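1. Got a sequence here, can you build the structure:
(4 chains)
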There are 4 protein chains.
Amino acid sequence: MSEPEAKRTKTTPAKTAPAKDPEEEPASEAKVAILRIHGPDKKGIVAAFSQLLYGHGCGIINAEQSTDTAANLFFQRIAFDYSTMHTDRTAITHGVKEVCDRFSMTYSLNWNDTKKKIAIMVSKYDHCLWELLLRHRAGELDCEIVAMISNHEDLRSVAETFDIPYHVFKVTKATKAKVEEEELKLLKDVHNVDLVILARYMQIISDNFCRVFDHKVINIHHSFLPAFIGGRPYHRAHDRGVKLIGATAHYATADLDEGPIIEQDITRISHRDAVNDLIRKGRLLEKNVLVTAVKAHLEDRIIVYNNKCVVFD
Amino acid sequence: MSEPEAKRTKTTPAKTAPAKDPEEEPASEAKVAILRIHGPDKKGIVAAFSQLLYGHGCGIINAEQSTDTAANLFFQRIAFDYSTMHTDRTAITHGVKEVCDRFSMTYSLNWNDTKKKIAIMVSKYDHCLWELLLRHRAGELDCEIVAMISNHEDLRSVAETFDIPYHVFKVTKATKAKVEEEELKLLKDVHNVDLVILARYMQIISDNFCRVFDHKVINIHHSFLPAFIGGRPYHRAHDRGVKLIGATAHYATADLDEGPIIEQDITRISHRDAVNDLIRKGRLLEKNVLVTAVKAHLEDRIIVYNNKCVVFD
Amino acid sequence: MSEPEAKRTKTTPAKTAPAKDPEEEPASEAKVAILRIHGPDKKGIVAAFSQLLYGHGCGIINAEQSTDTAANLFFQRIAFDYSTMHTDRTAITHGVKEVCDRFSMTYSLNWNDTKKKIAIMVSKYDHCLWELLLRHRAGELDCEIVAMISNHEDLRSVAETFDIPYHVFKVTKATKAKVEEEELKLLKDVHNVDLVILARYMQIISDNFCRVFDHKVINIHHSFLPAFIGGRPYHRAHDRGVKLIGATAHYATADLDEGPIIEQDITRISHRDAVNDLIRKGRLLEKNVLVTAVKAHLEDRIIVYNNKCVVFD
Amino acid sequence: MSEPEAKRTKTTPAKTAPAKDPEEEPASEAKVAILRIHGPDKKGIVAAFSQLLYGHGCGIINAEQSTDTAANLFFQRIAFDYSTMHTDRTAITHGVKEVCDRFSMTYSLNWNDTKKKIAIMVSKYDHCLWELLLRHRAGELDCEIVAMISNHEDLRSVAETFDIPYHVFKVTKATKAKVEEEELKLLKDVHNVDLVILARYMQIISDNFCRVFDHKVINIHHSFLPAFIGGRPYHRAHDRGVKLIGATAHYATADLDEGPIIEQDITRISHRDAVNDLIRKGRLLEKNVLVTAVKAHLEDRIIVYNNKCVVFD
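-> The predicted structure follows:
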């Protein structure tokens, strides 16, 4: 399925790290953990968590909070420095769990010393893929790209350029369910993937796939959802005569194009633009919207609730 | 129906013309006519019209053209100076008609010495109304505002501030058809209106109204159509968790919110925004999108075809 | 100086409150105080303040923080509900002061039961003025507009429409210093003004004025500063052939157009735009940028340091 | 100077053409010529050229015109189909010249059957380079990339990936003049280059270079000019506390950063952004602004006059 190792290692002209920007400041090597919590809005939550972290010797680097007053829900993302921690991770995790129980909150706690593993699924379009790979290499996406999966051979050379294993799974109606099982095995068991990116992957993934990777599959749809759900959105946008086209990155769920929206953007079009111009202008939107969404996910800035996303800055 | 003249003339504190911007250049007083043509794309059209105008002594000030290659349609807007015309309007109109017949084109020809007459229909929201009135007074909208129609008394004082007749037509289910007839009579027979603007008017106008004012009713809808057609779009946008909200100005047609789109714009929102924030941010969008669309119509920059708008710059 | 009361009360057609948006949710009537702090970044600050407020029975509604790592400075804005406070304002203020002393922080603490008083200074342009007045009336700007000052009579009728005292101070080179003294007396002693808005006021205010109202004068400049500092920016933008024009709202300081920037925005222009088009497009920018900046100031979302503004969301 | 051929041909994994978008319409293979004219605005120009082309059997595909009324200058770009021409290029060119002489116009006439040849100059940053190469390969930039020039070895592997000759010219103060002569010889004599793109090339090119490639060198500057002319614009933007950063593509002239502006764009920043964030956000701006400008140049949509650019749509 994957290309032979021998061949891949020969052809890697572009994989050298990019030149460091001489105008850039050196990055700090802080030990940062991200705590995300959400649940019913109550007095004392902020105090409880900041006190807890202070008690363990951790400094809060950044904290953002938000409230959905209609739903009476509270959300918070705390980035804290654990280099000065005078207990240990187990103790902090235990403390967090305890406070969450007291306030009926849900939490998620990530330490930044393990990179997330991601896989990219593609078909034939390469614009989103290149943007992901190049911005990863520029240091903008903090993760490890462990695999690419495609239903076509077309983009193998791109994978090789970046030295990423490229797996082809041909899909037919008859084999679809069985193939997806193999894909899941590869993603879960072999690569232990944390996030799957559908970079204009032209197959619909199953409900089961979405359940296995719950809120861990990011798709890019080439319209400003909920307008133009489904196929050929640029053609339909052209037919309708809209003056803006858009792109939407969202978590894939069982309902096609109905998952929680992470990021959207639009660009202006005019009567002068034919369908091909929409497709061309849309490519720019798609790749940038997708990378922005992936970046938010990787930095643990998203909390999903009620099929919506809180996306902290 | 209208308020007594006596009262209106007393209270006009704000109607004085705004100060002329001292940085602004004096406007030229050119005699300009606008010719819009469209039809099947054929060789020789551009040459034929430019030659025709030249032959009558008219200089082309600006000409924009566009082609819908899929539909094989050609569109052109020519602004020409007729101050140096050495024939007359009848002769030019005759010539235009002749060339159009030869090329199976449709045309529209407007001379700039008669201002278009417009009426504004409102309910209780005043933001679009104020923007229209203030930018009209600032000289940005070249027209005469001859009437306001409302189903409520609320905005009478605004009309009085600008010395515009304000007509109230209460609408109930039972009287709706009859009332609309009266409105049409007022707009058509009394005021001879060229354009009706629905400035967040909260009643659905009938198919008949749309037919009488065919592509002469501009509505502002508070979503980026075709998303959130119909009522309460901001609530539905909030429920869906979109990251952008929009507004759309379009010609009203028999199909609700399905008419030709003239202008759209969006603004970014986040998880922090409650429905009220969407409504507040949306007001800015609505008023600016509406004025932009009205301005395009007044300047004869729009050609409608296949339920779409060519909007020249 | 001001117009006679008798005359003003007669002519107020537009001052009725706008219709309430039926789609809008009723506003909550929370008792909210805003605490802003900044100073050297140290561990424990967040915990200390959240603990303090919790100890007095106050719930944190929102808290945003930020760090300038290069300058090693920490900034925080905490909005807290004091309706459940079981001590009093003096005690909380005392506590805040104590914690600030411990961490060498500066603080500012505002309770939302007293509206800020603002004055608007204008010359002849009215677009910024109208936007301020209308959005204030729509409930978007939480303040009391207590006075307008102008060097011309032109906009008196607008003031009357909204029932705001209008004071004219003619300025000549000879009288400038003396007149400004009178203006300051009026603003300070008579009206006790918290914020002065220069809404395209065409006089340069003195260093002394800026000192008296330190970071309490907001000016709108019609360029994207630092481009086109000084006069006739649209003309210079046109000469330079830029493809974007901008507007900048900033606190006025002794250095002309060099004060801390609060908000900026731009709009796209093209070779088709003459200087007058830039002026027209710029008006939209100016009024929206100014209102956004004023809104941020009124909501205590700004912290000024090193001639820069932290503007919380 | 250039890398050995042998090595380059072995390692070209990414140079395969991208998959054709199945949603895209097939491109037409029209024979199109572009005529650009400008000069004093006079009556009859439009008619004369459209008549001329019609007389030679050519259909006008698109025509855009513009007037700088202050300077009394007229500009036009006409795209015409010469597949049906019943004379020849010499005859048309002769006719164009004649009409231009009559109206004191300047013209430029390009036939689309010869691709423009471009060279890209780079130092160590690769983001602009990749965007140019990928969008060229996606068919968006109609040209032939014949050479890359750099003062460093760093980006050789990128050139190899796309099979483009890569020439390294080390520059020191002492050798600068001599090296530039060699570069010019390579660009002019060897490669016969039509356009030089400075894709974040970190050397200042000489006045002589600019003269030799008059309005044929496009540079990308990382600020919204005329703000932050010269070095380290992101640092200076951060110091000034602006709320927007920008990028500007312009023709390089003898005056540094003062050449005619082709395209600009901005992105919003906040107090949360450190200099490195500005650099990262700026990369997106720079690459997109540069490609947009290059595309306009390649499509003969630019007319330069008075150190400004008319950029037709």
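2. Poorly predicted segments of chain A, please.
-> A:1-29 (pLDDT under 70).
3. mind giving me the domain ranges of it?
-> Following automatic domain parsing, one gets these domains for chain A: A:32-111, A:116-311.
4. so what strands line up beside the helix or strand containing A:M121?
-> Secondary structure from DSSP states H and E places A:M121 in strand A:116-122. Strands that pair with strand A:116-122, judged by DSSP bridges, come out as strand A:143-150 (parallel), strand A:195-198 (parallel).
5. Could you name the stretch from those strands that's closest to C:T175?
-> C:T175 sits nearest to strand A:143-150 of all the strands paired with strand A:116-122, at 67.0 Å, using Cβ to Cβ. Just so you know, the C-beta spots here come from the backbone N, C-alpha and C atoms, and that holds for glycine as well.
6. which of the residues in that closest one are buried?
-> Buried residues in strand A:143-150, counted by 16 or more other Cβ atoms under 10 Å in any protein chain shown: A:C143, A:I145, A:V146, A:A147, A:M148, A:I149, A:S150.
7. wait, the fourth one sits on A:M121?
-> Pointing back at A:A147 there. No. Between A:A147 and A:M121 there is no contact under Cβ atoms under 8 Å: 9.2 Å.
8. Wondering if the longest helix along chain A reaches chain C at all.
-> Ranked by residue count and defined by DSSP state H, the top helix of chain A is helix A:275-298. No. In terms of Cβ under 8 Å from any Cβ of the partner chain, no part of helix A:275-298 sits within range of chain C; the closest distance is 15.2 Å.
9. helices and strands around that helix, which ones?
-> strand A:116-122, helix A:127-137, strand A:195-198, strand A:217-221, helix A:233-240, strand A:244-251, strand A:261-268 (3 or more Cβ pairs under 8 Å, 6 or more residues apart in numbering or on different chains; DSSP states H and E).
10. if we compare these, which one ends up closest to D:T114?
-> The nearest among the helices and strands packed on helix A:275-298, by Cβ to Cβ, is helix A:127-137 at 28.1 Å.
11. From the chain's centroid, how far away is the closest one?
-> From the chain centre to the centre of helix A:127-137 is a distance of 13 Å (Cα atoms, centre = their mean, to the nearest Å).
12. Out of the helices and strands packed on helix A:275-298, which is closest to B:R102?
-> Here helix A:233-240 is closest among those (Cβ to Cβ), at 30.4 Å.
13. For the closest one, buried residues please.
-> For helix A:233-240, the neighbour count (16+ other Cβ under 10 Å) marks A:P233, A:Y234, A:R236, A:A237, A:H238, A:R240 as buried.
14. and the residues you listed near chain D, which?
-> Under the cut-off given by Cβ under 8 Å from any Cβ, chain D has A:Y234 from the buried residues of helix A:233-240 close to it.
15. ok so, going back, with distance to B:I229 as extra columns, can I get the helices and strands packed on helix A:275-298 in a markdown table?
-> Output for the helices and strands packed on helix A:275-298, formatted as a markdown table (distance: least, Cβ to Cβ, whole Å):
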| stretch | distance to B:I229 |
| --- | --- |
| strand A:116-122 | 33 |
| helix A:127-137 | 30 |
| strand A:195-198 | 28 |
| strand A:217-221 | 19 |
| helix A:233-240 | 11 |
| strand A:244-251 | 16 |
| strand A:261-268 | 18 |
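16. Specify the beta-bridge partners of A:V122.
-> For A:V122, the beta-bridge partners are A:S150 (DSSP bridges).
17. can you give me the helices in the stretch 51-200 of chain A?
-> For the stretch 51-200 of chain A, applying DSSP state H, counting those that start in this stretch gives helices covering A:89-103, A:127-137, A:156-161, A:176-185.
18. Figure out which of the ones you listed is closest to D:H222.
-> helix A:127-137 (17.5 Å).
19. who does the closest one touch, helix- and strand-wise?
-> On a contact count with 3+ Cβ pairs under 8 Å, 6+ apart, helix A:127-137 meets strand A:116-122, strand A:143-150, helix A:156-161, helix A:275-298, helix D:127-137.
20. and the next element down the chain from the longest one?
-> I take that to be helix A:275-298. strand A:302-305.
21. Is the helix or strand following that following strand positioned near chain D?
-> With elements assigned by DSSP H and E, the helix or strand that comes after strand A:302-305 is strand A:308-311. No. Residues of strand A:308-311 contacting chain D under Cβ under 8 Å from any Cβ: none, with a closest distance of 14.2 Å.
22. Just the CA coordinates for strand A:308-311, please, in PDB.
-> Output of strand A:308-311 as PDB, limited to C-alpha atoms (Å, rounded to 0.1, in the frame of the first residue of the first chain):
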ATOM      1  CA  LYS A 308     -21.000  24.500  17.800                       C
ATOM      2  CA  CYS A 309     -17.400  25.500  18.400                       C
ATOM      3  CA  VAL A 310     -16.000  27.900  20.900                       C
ATOM      4  CA  VAL A 311     -12.700  28.900  19.300                       C
END
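23. So which bits of it are buried?
-> Under the neighbour-count criterion of 16+ other Cβ under 10 Å, strand A:308-311 has A:K308, A:C309, A:V310, A:V311 buried.
24. what does the stretch 201-313 of chain A have sitting close to chain C?
-> Contacts of the stretch 201-313 of chain A with chain C, taken as Cβ under 8 Å from any Cβ, map to A:D313.
25. So out of everything in the stretch 201-313 of chain A, what residue is nearest chain C?
-> Nearest residue of the stretch 201-313 of chain A to chain C, counting by Cβ to the nearest Cβ: A:D313, 7.7 Å away.
26. Next, count neighbours for that residue.
-> Using other Cβ atoms under 10 Å in any protein chain shown, A:D313 has 15 other residues around it.
27. ok, it touching A:R301?
-> Yes. Using Cβ under 8 Å, A:D313 is in contact with A:R301, at 7.5 Å.
28. still on that earlier bit, next, the angle from the longest helix of chain A to strand A:244-251.
-> 30 degrees (axes from the mean of the first three to the mean of the last three Cα atoms, to 10 degrees).
29. Alright, that wraps it up for me.
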